[in-house]
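Asks: output the structure for:
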Amino acid sequence: MSGQKYFPDHLTPQKFYRPVERGFERELIKRISYWNKLRQNKKRRL
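Replies: Numbers count the residues shown, from 1 in each chain. The predicted structure follows:
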């Protein structure tokens, strides 16, 4: 997780990939959720 932000300040980041509850994508859902929590915690500390 780099923590880097590439969207311009005036744009809201969009989600381009939404995994489904099948196969390995279930694991991806868990990982994406974990990374999002890390990002939120980092924002709170700043």
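Asks: quick one: low-confidence ranges for this structure?
Replies: For the chain, applying pLDDT under 70 flags the ranges 1-3.
Asks: which residue lies nearest the spatial centre of it?
Replies: The central residue of the chain, meaning the one whose C-alpha is nearest the mean C-alpha position (C-alpha atoms, centre = their mean), is Asn36 at 4.3 Å.
Asks: alpha carbons of the host helix or strand of that residue, as CSV, please.
Replies: Using DSSP states H and E, the secondary-structure element containing Asn36 is helix 25-45. Extracted as CSV, the C-alpha positions of helix 25-45 are listed here (Å, rounded to 0.1, in the frame of the first residue of the first chain):
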residue,chain,number,x,y,z
GLU,A,25,-12.5,-12.8,-5.7
ARG,A,26,-13.7,-13.5,-2.1
GLU,A,27,-10.1,-13.3,-1.0
LEU,A,28,-9.7,-10.1,-2.9
ILE,A,29,-12.7,-8.6,-1.1
LYS,A,30,-11.0,-9.3,2.2
ARG,A,31,-7.7,-7.8,1.1
ILE,A,32,-9.3,-4.6,-0.4
SER,A,33,-11.3,-4.2,2.8
TYR,A,34,-8.1,-4.5,4.9
TRP,A,35,-6.2,-2.0,2.8
ASN,A,36,-9.1,0.5,3.0
LYS,A,37,-9.1,0.2,6.8
LEU,A,38,-5.4,0.9,6.8
ARG,A,39,-5.9,4.0,4.7
GLN,A,40,-8.7,5.2,6.9
ASN,A,41,-6.6,4.7,10.0
LYS,A,42,-3.7,6.6,8.4
LYS,A,43,-5.9,9.5,7.6
ARG,A,44,-7.2,9.7,11.2
ARG,A,45,-3.6,9.9,12.5
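Asks: first-to-last residue distance for stretch 11-30?
Replies: In stretch 11-30, first residue to last residue: 26 Å (C-alpha to C-alpha, to the nearest Å).
Asks: hmm, who's touching it?
Replies: Contacting residues not belonging to stretch 11-30 are listed as 5, 7, 32 [C-beta atoms under 8 Å, 6 or more residues apart in numbering]. All C-beta atoms are positioned from the backbone trio N, CA, C, and that covers glycine.
Asks: no further queries at this time; thank you.
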